[in-house]
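Visitor: Need a 3D model of the sequence below.
(one chain, ligands or ions: 2)
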Amino acid sequence: MPMPPSAPVRKSRTIAKIWPDLCTGCEACIAVAPHDTCIVKASDDVTLPTALVVCDVQIDVCTGCTLCLRICPWDAITMVPRPTA
Ligand code: SF4
Ligand code: SF4
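Guide: Ligands and ions are numbered 1, 2, ... in the order given. Predicted coordinates for the structure are as follows:
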C-alpha cells in the first residue's frame, strides 16, 4: 500500500537573532529555551570562561516562540524573518 504524502513541516515566519555585540553570555535565554539546542554557545573553546561566550540561535531548531527574547536582560535578542533558503 502506498504511503500517504507526509504533511509539510510548518515553521514560524520569524526566528530569534542574538546580536553578539549586545550579548553578555549570561545564559538566561538558554535557561528558558523550550528546546535543548535552539540556543548554543557561539564558541566551544573550553579555555574561555563560559559566561563570557556569547550565545547563538540554531536557525533550524528555533520555533520562534519568543521566550528567549522576553527573558534577555540585555535586549540582545530580536525576532527576524526566517531565512528562506
Ligand atoms: S539572555 Fe541575552 S545576554 Fe544573556 S546569553 Fe542570552 S542573548 Fe546573551
Ligand atoms: S525563539 Fe524560542 S525556540 Fe527560538 S531560540 Fe528563542 S527560545 Fe529557542
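Visitor: Contacts only, for the closest residue to Lys41 other than its chain neighbours.
Guide: Spatial nearest neighbour of Lys41, excluding adjacent residues (CB to CB, 6 or more residues apart in numbering): Val53 at 4.7 Å. Every residue, glycine included, has its C-beta placed from N, CA and C. Taking CB atoms under 8 Å, 6 or more residues apart in numbering, we find Val53 in contact with 25, 41-43, 45.
Visitor: Could you check the pLDDT of Met3?
Guide: Note for Met3: predicted pLDDT of 67.
Visitor: Flag every residue of the chain that's near ligand 1.
Guide: 18, 23-29, 55, 72, 74, 76-77 (CB under 6 Å from any ligand atom).
Visitor: and these as a markdown table, adding secondary structure, distance to ligand 2 and neighbour count?
Guide: Listed next are those as a markdown table, based on DSSP: H, G, I helix; E, B strand; the rest coil; distance: CB to the nearest ligand atom, whole Å; neighbours: other CB atoms under 10 Å:
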| residue | secondary structure | distance to ligand 2 | neighbour count |
| --- | --- | --- | --- |
| Ile18 | strand | 8 | 20 |
| Cys23 | coil | 13 | 19 |
| Thr24 | coil | 16 | 14 |
| Gly25 | coil | 15 | 20 |
| Cys26 | coil | 14 | 16 |
| Glu27 | coil | 12 | 16 |
| Ala28 | helix | 11 | 16 |
| Cys29 | helix | 6 | 24 |
| Cys55 | strand | 9 | 24 |
| Cys72 | coil | 9 | 22 |
| Trp74 | coil | 14 | 14 |
| Ala76 | coil | 12 | 22 |
| Ile77 | strand | 7 | 23 |
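Visitor: For the most centrally placed residue in the chain, give me its contacts.
Guide: When CA atoms, centre = their mean is applied to the chain, the residue found nearest the centroid is Val57 (2.9 Å). The neighbours of Val57, taking CB under 8 Å, 6+ apart as the test, are 15-18, 38-39, 68.
Visitor: how much space between it and ligand 2?
Guide: For Val57, the distance to ligand 2 equals 5 Å [CB to the nearest ligand atom, to the nearest Å].
Visitor: Determine the three-state secondary structure at the residue nearest to that residue when sequence neighbours are not counted.
Guide: Spatial nearest neighbour of Val57, chain neighbours left out: Ala16 (4.8 Å); criterion: CB to CB, 6+ apart. At Ala16 the chain is in strand, as set by DSSP: H, G, I helix; E, B strand; the rest coil.
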